[in-house]
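Q: output the structure for:
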Amino acid sequence: MNLIEDIVKLKENGLTLQEIAQRMNMSLGKVQYRWNKYRQQQTPSHHELPSQPVLKEEKWTMPFEYEEANVHLMPRTPDSLYVYWSFSESTKQMAEHHFRTKWEELPSVLKIYDVTDIDFFGHNAHRTFEVELPPMTNNWFLQSLEPGRTYIVDIGTRTFDGSFFTLLRSNPAETSPALFNSLHDEKIDRWKHQIVDEPEWLENFSTYSYYQKIR
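A: Predicted coordinates:
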């Protein structure tokens, strides 16, 4: 039995993609890539589609892999932000080569910068704090932030001496009044329930690329 047949069999047995990845000792991104490719191959052409679509309820999981390395930060409530990210294979290989460590064994860390009203160049934030992430995580809610402030998030790992090492940097996002955030919650829900194909707030930012005047 080949790899995709193993994945399909486990999926039919009710396992989530993350559970399959753990059982097969593979990254979640590789499992999801093969599963999505299989589903595309199984999709009939337009003239073969039934008049009434057959709906199958599946457990939703956050899309884990995009073609490029990306990290996106967005407002949610006056004291919280939402961040999600994806690492490209080249970024993973770079980190593995640099640290001489397998990607799955590298610690994952968020570093949050308060960059309100400043030209941010990486080391001049008003304040910073770090969050240690559990394995296989690609999104996070940042809580207990100060309203009306602008933040940037780095996704990174630890060096051998425990220092933070940046891999990706987000766009800036501002915590805002409560009335402003209901729209963003609706967008998250629309994407989560697959009403839209991709996040409506999606913008691409390259690693280390955002150094313009904040606010």
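Q: pLDDT-wise, which helix or strand of this structure ranks last?
A: helix 178-192 (a mean of 56; mean pLDDT, DSSP states H and E).
Q: tell me how far Ser90 lies from Lys30.
A: Distance, Ser90 to Lys30, using Cβ to Cβ, to the nearest Å: 15 Å. Quick note: C-beta positions are derived from backbone N, CA and C, even for glycine.
Q: who has more neighbours out of those two?
A: Neighbours were tallied for Ser90 and for Lys30 using other Cβ atoms under 10 Å; the higher tally belongs to Lys30 (16 against 10).
Q: give the helix, strand or coil label for that one.
A: Classification of Lys30 using DSSP: H, G, I helix; E, B strand; the rest coil returns helix.
Q: and if you look at Val109?
A: Strictly by three-state DSSP, Val109 counts as strand.
Q: any idea what it is bridged to?
A: Glu132, Gly156 (DSSP bridges).
Q: what of Tyr151?
A: Applying DSSP bridges, one finds that Tyr151 bridges with Asp114, Ala173.
Q: can you count the residues close to it?
A: 24.
Q: for Trp35, give me its contacts.
A: 7-8, 11, 17 (Cβ atoms under 8 Å, 6 or more residues apart in numbering).
Q: of all the residues you listed, which comes closest to Phe141?
A: Relative to Phe141, the closest of these is Leu17; by Cβ to Cβ it sits at 21.5 Å.
Q: was I right about the closest one contacting Leu28?
A: Yes: using Cβ atoms under 8 Å, Leu17 is in contact with Leu28, at 6.2 Å.
Q: part of a strand, is Asp117?
A: No: counting by three-state DSSP, Asp117 is not part of a strand but coil.
Q: use 24 as the first number from now on
A: Happy to do that; since the first residue is 24 now, the last one works out to Asp140.
Q: give me the pLDDT for it.
A: What the model reports as pLDDT for Asp140 is 92.
Q: roughly how far does Thr180 sit from Glu119?
A: Taken as Cβ to Cβ, the span from Thr180 to Glu119 is 11 Å.
Q: ok, these two, which is more surrounded?
A: Thr180 (19 against 15).
Q: thanks a lot, catch you later.
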